[in-house]
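# what would the 3D arrangement of this be:
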Amino acid sequence: MTALLNIMIYALLPVVSIIIGGLTGLVRKPSGAFISGVLHFAAGVVFSVVAVELLPDIIKQHKPLEVGIGFGLGIATMLLIKHYVEKLEAKEEGKEKKGALPMGLLIAMGIDLLIDGLLLGVGFAAGNKEGILLSVALALEVFSLGLAVTLACSKSAVSNRKMVMILVGLGLTFFVGAIIGITLLAGLSQEMLELVLSFGLAALLFLVTEELLTEAHEEKESPWQTACFFSGFLIFLLIGMSI
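Numbers count the residues shown, from 1 in each chain. All right, here's what the predicted structure looks like:
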């Protein structure tokens, strides 16, 4: 029971992070360069956890069939989500009105956070060390999502109270996903665990390449922003080696 409680505490870290990220955007609108730097750093951190912790564990088990199926399902799922969210956002274009919520963005983030929560369960299923590192990495990722929510809602003149409620709702979505992942993945067979880990691997790689870095590159690139990516990767590489 104590172990489950500790895992739940780590699952709360990204919940707190997305709320802090959103409140940061409410207090003071960050510059595009700052947001790009945060996104680069978060991408480096997530990529480091994938490369240093998850991938070696997957390779070590030598189960290519399960890995192929899980990875393929992960990519297919993320592509389908991206496709339908883009269609929803396209329908909303030109229909913004004062106080209207950016539903396409919020639905996309909700699905993303639910999957992120499940991935945290994947990390703890692979090992306590992997779960802790993934918790910190996802906390950095969702901090940038919190900023993005605040900036998007401010364009539609959404009230501060409603924005805070949205941030709390998104944080709880992550937490629910994490609890589902932690409880359901604990008793999986090695074959099923490999399939789920491979699914999570694909989803995280998609997150880095198609979301975090894509958003980060919307701003004019500078050397310090590029350095943020490699700093994030190196810091978590060293942390993973020392734990």
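# if I look at Ile132, how far off is Leu113?
19 Å (Cβ to Cβ, to the nearest Å). Quick note: C-beta positions are derived from backbone N, CA and C, even for glycine.
# the worst-scoring helix or strand of the chain on mean pLDDT: what's the following helix or strand?
The helix or strand of the chain with the poorest confidence is helix 103-126; it has a mean of 75 (mean pLDDT, DSSP states H and E). Following helix 103-126 in sequence order, the next helix or strand is helix 128-155 (DSSP states H and E).
# buried stuff in that following helix?
Within helix 128-155, the residues that qualify as buried are 130-153, counting by 16 or more other Cβ atoms under 10 Å.
# what do you get for stretch 56-63?
Residues of stretch 56-63 classed as buried: Asp57, Ile58, Lys63 (neighbour count, 16+ other Cβ under 10 Å).
# hmm, who's touching it?
Val67, Ala126, Gly127, Glu130, Gln190, Glu191, Glu194, Leu197, Ser198, Leu201 (Cβ atoms under 8 Å, 6 or more residues apart in numbering).
# let's have these in a markdown table, adding distance to Val176.
Shown next, in a markdown table, are these (distance: Cβ to Cβ, whole Å):
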| residue | distance to Val176 |
| --- | --- |
| Val67 | 27 |
| Ala126 | 21 |
| Gly127 | 23 |
| Glu130 | 21 |
| Gln190 | 27 |
| Glu191 | 26 |
| Glu194 | 25 |
| Leu197 | 21 |
| Ser198 | 23 |
| Leu201 | 22 |
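# highest neighbour count among these?
Leu197 (29 neighbours; other Cβ atoms under 10 Å).
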